[in-house]
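1. Sharing a model prediction with you, sequence too.
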Amino acid sequence: MPETALTVITGLFAYLMGSILFAPLICRLWRLPDPRALGSGNPGATNVYRAGGWLPALVTLALDALKGAIPVWIGTAFDLGPVALAVVALCAVTGHMLPLFARFQGGKGVATALGAGLALAPLTTVILASLWSLIMWRWHISSLASVTAAVAGPIISTLLEPDALPLFGLLTLLILVRHRDNLIRLAQRREPPV
């Protein structure tokens, strides 16, 4: 099968997988408030943490990351090239941001991008995750950590894993657009800590 057809099929699977929002499901299992009614209103690990602490948040983070990693692993098994794999990863992240199964009201896509990055460019992603963790430890503001790591992604990828540059370049744009309200609050120093 031609690479274009494989990319389309794998990308569609990635989008549908990304559209599964685990945060509300985890909160239901833990009998916690809906994460979309807390903090930023996004169905992600940060709001699950606000609702119930570290354990349900880590489970949410892991499941959201797998949504990005599994399609990339499948694309790798199909021997897709770097640009095609970047497209597949972006489809998974877009699924989380604009989920088909939740009226296109999704999360920021950071955890799903983390999973895709670990599958495609592990060294760059580990450095970005470390940067994210350092900023969270120092300032306790999830959006600041996410935006900083996203902006650093293309730079670190260029230096260490240039084949993954299409992925990190496009992810940066998506994550910045998705965080536009957070960026305004950060500029106004009104962004709440976690």
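-> Cool, the structure landed.
2. any idea how far stretch 89-100 is from the chain center?
-> Here stretch 89-100 is found 9 Å from its chain centre; the criterion is CA atoms, centre = their mean, to the nearest Å.
3. which residues are contacting stretch 80-95?
-> 3, 6-7, 10-12, 14-20, 67-68, 71-72, 74-76, 106, 109, 112-113, 115-117, 119-120, 163-164, 166-167, 170-171, 174 (CB atoms under 8 Å, 6 or more residues apart in numbering). Every residue, glycine included, has its C-beta placed from N, CA and C.
4. how about 7 Å then?
-> 3, 6-7, 10-11, 14-19, 67-68, 71-72, 75-76, 109, 112-113, 116, 120, 163-164, 166-167, 170-171, 174 (CB atoms under 7 Å, 6 or more residues apart in numbering).
5. Could you tell me which helix of this structure is the longest one?
-> Longest helix in the chain, counting residues (DSSP state H): helix 54-77.
6. wait, Ala69 sits on Ala116?
-> Yes. Counting by CB atoms under 7 Å, Ala69 touches Ala116, with 6.3 Å between them.
7. the more surrounded of those two?
-> Taking other CB atoms under 10 Å, Ala69 and Ala116 do not tie; Ala116 has more neighbours (34 against 20).
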